[in-house]
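In: Just to be clear, the model below is a prediction. Sequence and coordinates:
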There are 2 protein chains.
Amino acid sequence: MAGATVSGGSTSAARSVDVARLAGVSQKTVSRVMNNEPYVSEDARRRVLEAAGALGYRLNNAARALASGRTRSIGVVSLGTALYGPASLLMGIERAARDTGYAVRVVTTLEGDAAGVAGAVESLLDQGVDGIVISEPIDEGELALNVDVPVLVIGAPAPYAAPRVVTAGVGADILARAATEHLLDLGHRTVHHLAGPPRWYAARDRREGWRTALAARGRIEPPVVTGDWSAASGYLVGRALAEDPAVTAVFAANDDMAIGLIRAVVEAGRRVPDDVSVVGYDDIPVAAYVTPPLTTVRQPFDAVAGEGLRLLVHTIENPDSDAVRASDPPVELVIRASTAPAPSGPAQAPRT
Amino acid sequence: MAGATVSGGSTSAARSVDVARLAGVSQKTVSRVMNNEPYVSEDARRRVLEAAGALGYRLNNAARALASGRTRSIGVVSLGTALYGPASLLMGIERAARDTGYAVRVVTTLEGDAAGVAGAVESLLDQGVDGIVISEPIDEGELALNVDVPVLVIGAPAPYAAPRVVTAGVGADILARAATEHLLDLGHRTVHHLAGPPRWYAARDRREGWRTALAARGRIEPPVVTGDWSAASGYLVGRALAEDPAVTAVFAANDDMAIGLIRAVVEAGRRVPDDVSVVGYDDIPVAAYVTPPLTTVRQPFDAVAGEGLRLLVHTIENPDSDAVRASDPPVELVIRASTAPAPSGPAQAPRT
DNA sequence: TTGAAAGCGCTAACAG
DNA sequence: CTGTTAGCGCTTTCAA
C-alpha cells in the first residue's frame, strides 16, 4: 500500500532497510540502534542515526508490535465525564504512562452504558494493549474479565476475576471517617450524608467511612440521601436536608454535590456554616473560592495514578510477580469556612 | 512466536488460520467475515463466527495495521489538566471517535512543556495514528508540523503548516462579545476583562470579542488583567479589580477565574451582583449552584468534538477532499444571578 | 463466492 | 560487534 496512493514524486515512508542501505549497515543494526540495544559500535550508531534523520525515518509501530508481541501501550477505561476525579485520574495516568514509555489508549464509559466496563475492556483488548487501567469503576456485578493482561483497578477493591490485578487508591473510607469526625468534633449531634450513586465503589467507601465514624461515637445514623455526583443533584436532593431543622452537619460525597447542597441550604434561608456545616470531598480547584470556601478532603490523584501505573508496568514486565495493592496515598482534610461549631441552643433555631 | 514459546497444553491466542481450520474454510474467508466484507455465503459466515466464538478469536490489530497500512486510530493532544474545557473536549472526542469506529490514543501536554504540542504530535506519529486532534492548543510560534495525516485543530485558527487541517470550535469571540454586551445593556459604563493566558488561542478569542463589543459602543477599554484559568489566579489578580470602585462589571475568560474573582470581591466588602456584576465562560457544572449563581457562556463541547471528528474522519477516508472548517456550533449566554444593572448614582445602590 | 500466494516492516533467534 | 534467516498474523492482489 505504502506509496501506492502517492501520485507524484513524493517518497513514501522510509523503512529500516532504507536507513540500513544509506548507512551502509544491515537492517538488523538499524533495529539495534533504534531500540537502544547494546553491541553497536559508536560509529555504526552514528551513521544509522544520521541516515534515519536524513530520511525522516520512524519505526513502524505496527510491525514492531506484530513481531515482538508487545504493543507498548496500556488501555484506560475511564468514566466519560469531565468530573474532576475521573478526569484528574486520566490525566495522571497518561503522564505516568509516558514516563514509563507506554502509550495510552482510552475508552470511556457512561453510566447506564449497555456495554459498560466489560465492553470497554473488550474494545481495548481488540485494539491491543499490554495492560489495562480501570479508573473508578462501577459495580456491575461480579465481572469475570477474560483478560490475559494485567489490570490495575483504581478506587475499587478489584471486583474482577482476572488473572493479575493490582489495585490503588482504595481507602476513601478513612478520609470519609476523618471528615465525619471533624464535624462531630465541632459539636454536631450527628452528621447527615449526601452520598454518591450506590453502585460506585467510591461512593460506598465514603459512606462506609461516614457510618463507621458515627458508630464509633454511638451517634444515630440518619437516612442517607443519594445524588449522582453533580451539583444539580446535590441541590435537588439537598433541599430536603436543607429544610430539616434537625440537620446541622452534612458530609457530601464530593465537592460538586456539596456546592449544590449549599445552594439549597442558602435558598432555604439557612446559613452555611452558621446553621449548617458542610464538608465535601475531592478539593476541586474552585473549592477554596466558592462562598463559603469549602471544607473538604483532598485526594492526591496524581500520586495514586503514578504509583498504580508503576505497579501495573512492573506486573506487565514481570509476569510472575504477585498481584499487589498500592500503598494508600496521603490524604488530607482541608478545613475552610463551610464548617463551624454546631449552633447552640436546643438544637436548632427554627427558621423558615 | 505464537505457540513457539508455549511448552505445555496452554493454548496461545487463536489466529485466523485456527478459526479457518475449525470452520473448514480458508484463512481469507475468515478475514472476510471478520471485516464484514461481502461475497461470503451465509453458511460460511455462520461457521466462521461459530468457530471464532469457540476459540475466543480476536483479530490481531498490529498485524492488521501492518498489512493494511491503516491503524484505525486517531491521536489526541490534550492539555493535561482536569480543567472543564479540555477534559470535556477529550471525553467528547473519545465518544465521537468510537462512534466512527476509530480508537483513541492520548498524549497530554503541560503548559511550559519543553516538548510542547510538537513533541506530543511526534509521539503520536511514532505510535501510529491515522489522524490527529489538537485540542485547545497554545501558540508556540508558527509550528510546521511535518505530518502526513490529517489534523483537526479545536479552538484555534490552525496555526499549523500541515497538509490537511480542519478546524472546529473557533468563534469564541462572538460569545465573548455577547457576554460583554449583556453587561453593557445592564447599564454598566464599561466592562473589565479578566483574561486567560495570552498564549492560549481561546484566551485571545475571548479578549478580542470583549474588545470588539466595547469598541462598537465607543466605551473605554480598561486595562486587561490576566490569570491562568484557575480560580486561584482569578482570586489573586481579581483583588485589584475588586478594590477599584470604578469596576462594576467584569467579564472573566472562564468560570473558574470568575469564581475566584467573586471571592475577591466579596472579601473586599462589595457585593455580587449589587456592586459588581461578573460573567464567566464555559458553564461548568457547578456554575448554576455557586453563590451567586453565575451568569456565563455555555459551550457545546460535545457538539464541537463531534462535528470536528466527523470532518477529520472524512478527511482521513477521503484524502483528496479539501480541508474544511466546521460550522460554528450554537453557543449560548446563560443569565443567572451574578449580573445585575449597574449601581446607580456615584456610589452604589440596591437593585430591583 | 472462494482460495493461494505474496508481502506489510519489524524483532527474534542464531550464526559469524 | 554484526549479519542472516525466519517468521509475527493479517490484508492484498490475483486466479479459480
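Out: Received, thanks.

In: and chain A, what are its domains?
Out: A:8-67, A:73-168+A:301-317, A:172-294+A:336-348 (automatic domain parsing).

In: I'd like those domains as CSV, with mean neighbour count appended.
Out: (Glycine included, C-beta is placed from N, CA and C.) Below are these laid out as CSV (neighbours: other Cβ atoms under 10 Å in any protein chain shown):
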stretch, mean neighbour count
domain A:8-67, 16
domain A:73-168+A:301-317, 21
domain A:172-294+A:336-348, 21
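
In: now for the ones you listed, which one comes closest to B:V133?
Out: domain A:73-168+A:301-317 (12.3 Å; Cβ to Cβ).

In: centre of the chain versus that closest one, how much separation?
Out: 9 Å (Cα atoms, centre = their mean, to the nearest Å).

In: So A:A51: helix, strand or coil?
Out: Following DSSP: H, G, I helix; E, B strand; the rest coil, we place A:A51 in the helix state.

In: quick one: it from chain B, how far?
Out: Distance of A:A51 to chain B, given as Cβ to the nearest Cβ, to the nearest Å: 17 Å.

In: ok, now A:H188?
Out: 22 Å.

In: Would you enumerate the residues in contact with the residue lying closest to that residue once chain neighbours are set aside?
Out: Spatial nearest neighbour of A:H188, chain neighbours left out: A:A249 (3.8 Å); criterion: Cβ to Cβ, 6 or more residues apart in numbering or on different chains. Neighbouring residues of A:A249 by Cβ atoms under 8 Å, 6 or more residues apart in numbering or on different chains: A:183-184, A:186, A:188, A:190-192, A:276-279, A:339, A:342.

In: List just the nearest of those residues to DNA strand C.
Out: A:V279 (52.2 Å; Cβ to the nearest atom of the strand).

In: hang on, the closest one packs against A:A340?
Out: No. Counting by Cβ atoms under 8 Å, A:V279 does not reach A:A340; the two are 11.4 Å apart.

In: I'd like the next helix or strand past the helix or strand of chain A with the lowest mean pLDDT.
Out: When each helix and strand of chain A is scored by mean pLDDT, DSSP states H and E, strand A:165-168 comes last, with a mean of 80. Moving toward the C-terminus from strand A:165-168, the first helix or strand encountered (DSSP states H and E) is helix A:172-185.

In: For that following helix, name the packing helices and strands.
Out: helix A:201-216, strand A:249-252, strand A:277-279, strand A:296-298, strand A:332-334 (3 or more Cβ pairs under 8 Å, 6 or more residues apart in numbering or on different chains; DSSP states H and E).

In: how about a cut-off of 6 Å?
Out: Counting contacts by 3 or more Cβ pairs under 6 Å, 6 or more residues apart in numbering or on different chains; DSSP states H and E, helix A:172-185 is packed against helix A:201-216, strand A:249-252.

In: remind me which residues of the stretch 101-250 of chain A are low pLDDT?
Out: Low-confidence segments of the stretch 101-250 of chain A (pLDDT under 70): A:112, A:114, A:141-144, A:158-163, A:170.

In: could you pull out the strands for chain A?
Out: A:73-79, A:103-109, A:131-135, A:151-154, A:165-168, A:192-195, A:225-226, A:249-252, A:277-279, A:296-298, A:332-334 (DSSP state E).

In: what's the closest of the ones you listed to DNA strand D?
Out: strand A:73-79 (16.8 Å).

In: tell me which parts of chain A are close to chain B?
Out: Taking Cβ under 6 Å from any Cβ of the partner chain as the measure of proximity, chain A contacts chain B at A:1-2, A:58, A:61-63, A:65-66, A:69, A:80, A:82, A:84, A:87-88, A:91, A:94, A:103-106, A:108, A:127-128, A:230-231, A:235, A:256, A:259-260, A:263, A:285-286, A:289-291.

In: Pull stretch A:238-253 out as CSV, backbone CA atoms only.
Out: Extracted as CSV, the C-alpha positions of stretch A:238-253 are listed here (Å, rounded to 0.1, in the frame of the first residue of the first chain):
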residue,chain,number,x,y,z
GLY,A,238,-30.3,18.5,49.3
ARG,A,239,-33.4,20.5,49.5
ALA,A,240,-35.0,18.0,51.9
LEU,A,241,-31.9,18.2,54.1
ALA,A,242,-31.8,21.9,53.9
GLU,A,243,-35.3,22.3,55.2
ASP,A,244,-35.0,19.8,58.0
PRO,A,245,-34.1,21.8,61.1
ALA,A,246,-32.5,18.7,62.7
VAL,A,247,-29.8,18.8,60.1
THR,A,248,-26.8,20.8,61.2
ALA,A,249,-24.0,19.0,59.5
VAL,A,250,-23.7,17.2,56.2
PHE,A,251,-20.8,15.2,54.7
ALA,A,252,-21.3,15.2,50.9
ALA,A,253,-19.5,12.5,48.9
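
In: Hmm, B:T291 and A:T291 touching each other?
Out: Yes. Using Cβ atoms under 6 Å, A:T291 is in contact with B:T291, at 4.2 Å.
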